[in-house]
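>>> here's a sequence, model it:
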Amino acid sequence: MSLKARLAATLSAAFVAILIIGGLLTYDQATKNVAAELSAARSVAANRVAQLVAKLPASRDTAAELSSFVRAFNGDRHVQVLLIDSTGAVRDFSTPAKDYGALPDWFVRLLAPDTSTTVMPLSGAALPMTAVAVSIDPRNEIATSWTDLGLGLGSLVLFVLLAFAAIWVVADRALRPLGAIQAAFARIGTGDYASRVAPSGPPEMRVLATRCNEMAARLAEISARNRRLSEQLLRLQDEERAELARDLHDDIGPLLFAIDVDASAIARLARSADDKVTGRAEAIKTAAHRARQEVRRILSDLRPGLTPGLGLKAAIEELIAELSRRHGDVAFSAELAEGDWGGPLEVLVHRAVREGLNNALRHSAPTRVAVRVAPGENHLAFSVVDDGGGLAEPGTEGGFGLLGMRERVEAAGGELTMSQVPFPPGVRLEGRVPLPRDSAPPGAVVSGMGGDAA
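The predicted model follows:
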């Protein structure tokens, strides 16, 4: 549940509790007021009956006195008096007020106190009238409480609704910046450290937005520092590999060449003397030739950089041509974009494509392999797709070569992923690296190295 939803639920529960407590307190007070008012009305009526009893012996017209007494209670809101004769019949009664309106019966039953009729005897001077009955009608008083209760609860409900609306508006405006801050955190989580949030709202939200911006700036600085460090480490690694390649080329290469020359000379000199010696010399020559080929292959692996002036497209085409000669049963295809992407980026993409091709040929038996390099918005995308049967275990991250290549690509600010191709079953290695600002505008994507894409 969101914070606004929890706030609304809490306020609703509090306001319902207020309404219930207010209703109970109002009910208690209304019950007491009705009981007190009706008790007072009964007492007043009883006192007046007592005064009537005291006056009757001295009255010259008892009937007129009794009639006047009854009419005096006409229109009374609470009391009705009845004259009762010696037979128990009601001979005369007052007419009470009936202004209680549309009062619900359940409310009357809820608030009505004891309304039993009080019968007070008269003296013999009042014959044939023998008693006065005092009847209490609570409905007029309850009608007043009903009106007061409606006004009170209505005012309370209106106040609650206005308070709820005011609190909701204030909370909504106060929490509104959280959406922008949340979105900024999501973008920062994906590596977009340039995201910033405009401080707005209450002071707490402005401070939170400012701290978010400061965190993004620090992360951008740390990321740039790590990238520079990774580039430096990769450069040192390339220098070490280049030094090892120079040693192989300058030291081992001449020795292998000398062995090849000496073996050729021995073969020529011993050709007329002994066939066994000639065979041994030819074996030494063949081994030296193979050793020189392996040294050239190792040199190619140690120095995978692009030939100056060759360009990424031509370098990948040369790589695919070499692999085609070694794997004649595999159909290679390529869609490569023309463009000058900068030396470091081209070397990185070339290495990634080479690693993808070697991985496809080494760990599966594809019949088709497709390579694609194309520019996107502020990045260069590449992919290697084969139909060699797919991943042995879904979700695998690849071997150490791919893991190392992924680290190189991520160090350059890009991403490298490997996924399953459903049909025909195979593997897709794809990635992208950000373009340098000074890279030349790319040309159109051209197809080369005929064959169908996997």
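>>> next one: the top helix by length along the chain to chain centre, how far?
Taking DSSP state H as the criterion, the chain has its longest helix at helix 3-55. Mean-position distance between helix 3-55 and its chain equals 50 Å (CA atoms, centre = their mean, to the nearest Å).
>>> that helix - contacts with which helices or strands?
helix 62-71, strand 79-85, helix 105-111, strand 118-121, strand 129-136, helix 139-175 (3 or more CB pairs under 8 Å, 6 or more residues apart in numbering; DSSP states H and E). Where you see a C-beta, it was placed from the backbone N, CA and C, and this is true even at glycine.
>>> mean neighbour count and mean pLDDT added to the ones you listed, as JSON lines?
Shown next, in JSON lines, are the helices and strands packed on helix 3-55 (neighbours: other CB atoms under 10 Å; pLDDT from 0 to 100):
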{"stretch": "helix 62-71", "mean neighbour count": "16", "mean pLDDT": "87"}
{"stretch": "strand 79-85", "mean neighbour count": "20", "mean pLDDT": "89"}
{"stretch": "helix 105-111", "mean neighbour count": "13", "mean pLDDT": "80"}
{"stretch": "strand 118-121", "mean neighbour count": "13", "mean pLDDT": "87"}
{"stretch": "strand 129-136", "mean neighbour count": "20", "mean pLDDT": "88"}
{"stretch": "helix 139-175", "mean neighbour count": "15", "mean pLDDT": "83"}
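>>> make TSV out of the ones you listed and add distance to residue 352.
Converted to TSV, the helices and strands packed on helix 3-55 look like this (distance: least, CB to CB, whole Å):
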stretch	distance to residue 352
helix 62-71	113
strand 79-85	104
helix 105-111	83
strand 118-121	107
strand 129-136	100
helix 139-175	45
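>>> how much does the longest helix of the chain deviate in direction from strand 79-85?
Relative orientation of helix 3-55 versus strand 79-85 (axes from the mean of the first three to the mean of the last three CA atoms, to 10 degrees): 40 degrees.
>>> so where's the stretch 201-350 of the chain shaky on pLDDT?
For the stretch 201-350 of the chain, the stretches with pLDDT under 70 are 249-251, 253, 270-276, 278, 296-297, 299-310.
>>> tell me which of the helices and strands packed on helix 3-55 lies nearest to residue 13.
Smallest distance to residue 13 across the helices and strands packed on helix 3-55 (CB to CB): 11.5 Å, for helix 139-175.
>>> so what secondary structure elements neighbour that closest one?
Secondary-structure packing of helix 139-175 (3+ CB pairs under 8 Å, 6+ apart): helix 3-55, helix 105-111.
>>> okay, now residue 17: neighbour count?
Per other CB atoms under 10 Å, the neighbour tally for residue 17 reads 10.
>>> and for residue 208?
Residue 208 has 17 neighbouring residues, counting by other CB under 10 Å.
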